[in-house]
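Student: coords please:
(4 chains, ligands or ions: 6)
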Amino acid sequence: MFIVNAPVEKNIELDNQIYLLKVHCPEIAGKINPGEFLNIRVSEGIHPLLRRPFSVCDVEGDYFYIMFNIYGEGTKILSQKHGGDTIDVLGPLGRGFDLKGDFETAIIVAGGLGAAPFPYLIRMFGEKKEIFCFVGGKTHKDVILHGMKNISIATDDGSLGYKGNVIQLLTENLKLIKSEKAKIFACGPNAMLRALKSFAIKNNLNCEASTECAMACGFGICMGCPVESAKEPDKYFLVCKDGPVFNIADINL
Amino acid sequence: MFIVNAPVEKNIELDNQIYLLKVHCPEIAGKINPGEFLNIRVSEGIHPLLRRPFSVCDVEGDYFYIMFNIYGEGTKILSQKHGGDTIDVLGPLGRGFDLKGDFETAIIVAGGLGAAPFPYLIRMFGEKKEIFCFVGGKTHKDVILHGMKNISIATDDGSLGYKGNVIQLLTENLKLIKSEKAKIFACGPNAMLRALKSFAIKNNLNCEASTECAMACGFGICMGCPVESAKEPDKYFLVCKDGPVFNIADINL
Amino acid sequence: MKTDLSVQVGPLKLKNPILLASGTVGYGNEISGFIDLNKIGGIVTKSLSLKPRKGNPPQRIVETPAGMLNAIGLQNVGVEEFLKQKIPFLKKFDTKIICNIAASTIEEYVECTKILTEEEKIDAFEINVSCPNVKEGGLQFGNNVKAVGKITGKVKAAASKPVIIKLSPNVSYISEFAKVVKEEGGDAVSAINTLVGTSFNIFTRKPKLHNINGGLSGPAIKPVALAKVLEIHRNVDIPVIGVGGIMDWKDVIEFMIAGASAVQLGTVNFIDPSASCKILKDIEDYCCKAGVEKISSMTGSYII
Amino acid sequence: MKTDLSVQVGPLKLKNPILLASGTVGYGNEISGFIDLNKIGGIVTKSLSLKPRKGNPPQRIVETPAGMLNAIGLQNVGVEEFLKQKIPFLKKFDTKIICNIAASTIEEYVECTKILTEEEKIDAFEINVSCPNVKEGGLQFGNNVKAVGKITGKVKAAASKPVIIKLSPNVSYISEFAKVVKEEGGDAVSAINTLVGTSFNIFTRKPKLHNINGGLSGPAIKPVALAKVLEIHRNVDIPVIGVGGIMDWKDVIEFMIAGASAVQLGTVNFIDPSASCKILKDIEDYCCKAGVEKISSMTGSYII
Ligand SMILES: Cc1cc2nc3c(=O)[nH]c(=O)nc-3n(C[C@H](O)[C@H](O)[C@H](O)COP(=O)(O)OP(=O)(O)OC[C@H]3O[C@@H](n4cnc5c(N)ncnc54)[C@H](O)[C@@H]3O)c2cc1C
Ligand SMILES: Cc1cc2nc3c(=O)[nH]c(=O)nc-3n(C[C@H](O)[C@H](O)[C@H](O)COP(=O)(O)OP(=O)(O)OC[C@H]3O[C@@H](n4cnc5c(N)ncnc54)[C@H](O)[C@@H]3O)c2cc1C
Ligand SMILES: Cc1cc2nc3c(=O)[nH]c(=O)nc-3n(C[C@H](O)[C@H](O)[C@H](O)COP(=O)(O)O)c2cc1C
Ligand SMILES: Cc1cc2nc3c(=O)[nH]c(=O)nc-3n(C[C@H](O)[C@H](O)[C@H](O)COP(=O)(O)O)c2cc1C
Ligand code: FES
Ligand code: FES
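Tutor: Ligands and ions are numbered 1, 2, ... in the order given. Prediction:
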């Protein structure tokens, strides 16, 4: 883990107010894995007080990217950063996706900004794995395709692709996936992850999901980010330390 | 009184980290008088929370100037403003200098940043009055001559001009001032104003001084800025409303 | 659809839930240069005492993280001068006038009430119990349940108008105080007054405030104020006026959800003197969008 | 000139006045990746209870203006697990270990103390009395002078090490609590624990915290914490550990001037995990410049 005051290379605005912040940070770019995250201090002052957690979106050499939208005050400040500014980054943090293991096909399921961690994951798979991306959003505006491959799209209002949620789309398209050895990598709203969990269990597919939770520290000292263990319901995991990526069977969403 | 989100024209750095902020604000520039002040919100957010009061330093057409140094967080933020930024200005506020009245000679006494209100005052006098400026500072670094005229300088360490404080300098030079009809206009640290008060009384010279006090509102609603009345010591004036400029005989410093 | 913004605070009907907090708008004159007072639900005056008070020497104000400390020392013109000099100005406006009273003895509270209750422009009283009780060696009335009960009963008996007790947050269980106010016939409570705080200049080692301690206000205290409002609403059946750290319309809604029938804006007036009218407009816009028919339906609408 | 940074907190000698506050550094492991624990005056552990505690469901954390609310629910590994799993790691460091204890009955406080006092790596106890007393229907021990006195006496009797009582700020006169701690033989007090606060999501109308109320910490509460430390120092002859909103070296000096013999850093650890060592260095630099020979001379050095 490092605390780095890292220079912003540039701030790219994709369509629909989605931002890609490119940051020069060899220490972290060299170490971080897909699904791990960074805890970013958006202002030097005391407001906003806490850091803001962001998944690593991609890595190119000495640079990492994060992807975000303007959600509140912190992301607003981040959206105004440009080349030359510096940001205070804490990372790499947490447990990312497990790229090893015995699977040939990676099924990527992303809901809205849940797309954020996948460009890096897909880059790491390269040609080694067959990849199917199922991308969902409320409307076409919420569908983020950046860095995706072999894409199927679902929107709740049908304004783009399949009309319905991404899990329904996945269910209907599962037959397309020939391989016996497929694994799901997911990130998105809790409702989606809940539906995905039962889907994965029903079809006994191995499934890892990146989860979210309000955080203070991001590295295990505040106990602020619990997620209940499925096997021992009297126990909580910490999203920031034991996650944010969990085998979806291990947690109660 | 106006609340204006006014565009910064430019931020000029004089020597020794003294800044001149030029702001385009016809409403206020057209109304404000020497010695009056502005209460400026340096950040949109809640930190720093309170506005910061600054004397009007000068006015040119639709522009006003403020002069400041980096004292704490608020002035630091102000020092980083540049052309194109906007600042939230509340003003004109308070009671300024009385330019009318029966005097031929204006004796200006400024200690350190007490120089701030005088460029505008001197501009308004133009050729109508004979002007003597007595400018003091701890060292030559603290002597601000911007907009001054016919200057005598005093520094505590003697690194520039007379060695001693500006009131001693004034005392020694009083003889130079021939006119029977002289009035003192002063701004500076309380210690200076106290010495000046006894000097003015001894030489029965009419003397107006611009005072400072911690402020919240700047326009009379918080009761935060008292200065004791000399005539009725059971009564406080409000620096922001009854001042900041007072006849020095009227207040207990 | 137009939202009905009017609210009822016990017997007191307000055209909208926005009040200007005591001590943060003086007697209304200066702020009237920035807002139309006719639009506001009401004004709470600076605390008035029987005789004029000089107040504390400077420094009276200290900025703190997301807040400020004040130690004004209840500087005010006194009851008489208020009636003579300030009421005539306030008469010009169609808004509720709530007269805030401060005193150092229970008798003084009663005395002030008797004099002021004659003035028909005054619509209600807010009793500031965060004052030192001289007979109790300067211990605050507001930290003593018995004293607050006694003040409520006696002031109520002397008043021909609604009586609101403004509670101190510097207690363990504020609902005990709201309870005694209700028992003694008080019509409503305001929560909260400022938290006790201080600050030092580390180089001079002196307190920044001449009075040493001051009252903490501003956004910093909002979570505390919300918890106090909620505690009262869940435990005592008495109208609550929410005060503490309100900066925008969202804060107002948050206080109402937590149990406030109306709210007061304080520190925000110093930062943006026109805040109250802006907030009022934003609330109207939000209620329209959200389809809120009566804003009073927000009060205590928390889902717990 | 080199400043002597060591301080004495009653019987407890610290190499410097910087402690890491309970619940903000777990049991030291994670933070040791950012700072050299050997440099720090001491670590206060997360509150330990007799049995492990699961803690509250999410959401446990809410950001507020210049502060944060937490409702962790005292999640901890329990006394046994602590001794087995955590102490071995802490043994590696030359720094004071202060064991913070939380309980729901006086008996549980005593029981925990008896077990932990056997471990020689533990240098002192800090008793968290801001816990609901199950026998008193969940009323907080910390708001009841008698209860705090009783806990102090019984824990002190069971402990072979210094006992520090961590006081709740949610009371009218904290010095009354410090007084009873002294009378019952307590060695020092920590002031303050968090202020009670809450926050609502105005769109769902639900509290943001699953627990509804949480503890307010961070810069927002610093003026309150300073006033509490000052109140204790002026009224009771007992060492005070200052806690609340410390972000930099200036805040540390301010707390010491107000009467603190040592300080604890809490929320700042989340924002900058290396803050404690930075602050330590800044304090050393300042003391050198200012010609301070012993930092302990700062304690209670206010000029009032
Ligand atoms: C492990 C992890 C990875 C994330 N990755 C991304 C990403 O790649 N792109 C992206 O846009 N967003 C991501 N988020 C969410 C992102 O952190 C929040 O959107 C961000 O904190 C919003 O900050 P704000 O100041 O704009 O919003 P505000 O609402 O002003 O502030 C957010 C506050 O809400 C709290 N909060 C409450 N619920 C949550 C929650 N479920 N998640 C996060 N914070 C919460 C935060 O602690 C913070 O204090 C991630 C969150 C986590 C936990
Ligand atoms: C009527 C008036 C006119 C002024 N004119 C000028 C000017 O022309 N140029 C200039 O450089 N400065 C001027 N000042 C002083 C200026 O307001 C402060 O230097 C400024 O507030 C510092 O802000 P900061 O955030 O940098 O410092 P910080 O110390 O971070 O914050 C200043 C805080 O200290 C408080 N404070 C305490 N004592 C005082 C005091 N005596 N004066 C002001 N604030 C105080 C303020 O309320 C504010 O909250 C004037 C002050 C007043 C009252
Ligand atoms: C400068 C100042 C003066 C105040 N004077 C009074 C007063 O005279 N009487 C009173 O009951 N409350 C007084 N208050 C408290 C406010 O009415 C209000 O309860 C408190 O400031 C919290 O609200 P806020 O955070 O919105 O400011 C004062 C507050 C401030 C900041
Ligand atoms: C997330 C969190 C958890 C805490 N847990 C405990 C605890 O278990 N026991 C305790 O006595 N204090 C606990 N505290 C209180 C802190 O020790 C400290 O008293 C308080 O946060 C004020 O200091 P600060 O403003 O520097 O954070 C906790 C504080 C926070 C923010
Ligand atoms: S965010 Fe602090 S423990 Fe997870
Ligand atoms: S600053 Fe508010 S009254 Fe003067």
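
Student: Could you identify the helix or strand that succeeds the helix or strand of chain C with the lowest mean pLDDT?
Tutor: Ranked by mean pLDDT, DSSP states H and E, the weakest helix or strand in chain C is strand C:132-133, scoring a mean of 85. Moving toward the C-terminus from strand C:132-133, the next helix or strand (DSSP states H and E) is strand C:139-140.

Student: for that following strand, the distance to its chain's centre please.
Tutor: What separates the centre of strand C:139-140 from the centre of its chain is 19 Å, taken as C-alpha atoms, centre = their mean, to the nearest Å.

Student: Same check on stretch A:217-228?
Tutor: A distance of 18 Å separates the centroid of the chain from that of stretch A:217-228, by C-alpha atoms, centre = their mean.

Student: mind checking the SS state of the closest residue to C:Phe255 other than its chain neighbours?
Tutor: Nearest residue to C:Phe255, sequence neighbours excluded (C-beta to C-beta, 6 or more residues apart in numbering or on different chains): C:Gly242, at 3.4 Å. The way it works is simple: take the backbone N, C-alpha and C, and place the C-beta from them, glycine included. The three-state assignment at C:Gly242 reads strand, by DSSP: H, G, I helix; E, B strand; the rest coil.

Student: got the residues of chain A near chain B?
Tutor: Residues of chain A found near chain B, taking C-beta under 8 Å from any C-beta of the partner chain as the criterion, are A:45-47, A:73.

Student: about what we covered before: report the strands that pair with the least confident helix or strand of chain C, each with its relative direction.
Tutor: strand C:139-140 (antiparallel) (DSSP bridges).

Student: can you give me how far the helix or strand that comes right after the partner strand is from the chain middle?
Tutor: Downstream of strand C:139-140, the first helix or strand assigned by DSSP H and E is helix C:145-158. On the basis of C-alpha atoms, centre = their mean, helix C:145-158 sits 18 Å off its chain's mean C-alpha point.

Student: ok, the longest helix anywhere in chain A near chain D or not?
Tutor: Longest helix in chain A by number of residues (criterion: DSSP state H): helix A:190-202. No - judged by C-beta under 8 Å from any C-beta, helix A:190-202 and chain D are separated, with a smallest distance of 10.5 Å.

Student: Just give me the neighbour total for the nearest residue to A:Ser43 once chain neighbours are set aside.
Tutor: Distances taken as C-beta to C-beta, 6+ apart place A:Ile77 nearest to A:Ser43, at 6.0 Å, with adjacent residues excluded. For A:Ile77, the neighbour count with other C-beta atoms under 10 Å in any protein chain shown is 17.

Student: same question, the one 4 residues further on
Tutor: Using other C-beta under 10 Å, A:Lys81 has 17 neighbouring residues.

Student: Hmm, C:Gly26 is touching B:Cys217, no?
Tutor: No - counting by C-beta atoms under 8 Å, C:Gly26 stays clear of B:Cys217, with 9.3 Å between them.

Student: among the residues of chain A next to chain B, which are in helices?
Tutor: Checked against DSSP H, the residues of chain A next to chain B include these in helices: A:Glu73.

Student: Check the residues of chain A next to chain B and tell me the two furthest apart.
Tutor: Within those, two members stand farthest from each other by C-beta to C-beta: A:Ile46 and A:Glu73, at 12.9 Å.

Student: more neighbours, the two?
Tutor: Remark: of A:Ile46 and A:Glu73, A:Ile46 carries more neighbours, 22 against 16, as counted by other C-beta under 10 Å.

Student: Which part of chain A gets nearest to chain C, residue-wise?
Tutor: Nearest residue of chain A to chain C, counting by C-beta to the nearest C-beta: A:Ile46, 5.3 Å away.

Student: my read: that residue touches D:Ala66, true?
Tutor: Yes - counting by C-beta under 8 Å, D:Ala66 is a contact partner of A:Ile46 at 5.0 Å.

Student: burial of A:Lys100, as a residue count?
Tutor: The burial count for A:Lys100: 6, using other C-beta under 10 Å.

Student: Just say helix, strand or coil for it.
Tutor: Counting by three-state DSSP, the backbone at A:Lys100 sits in coil.
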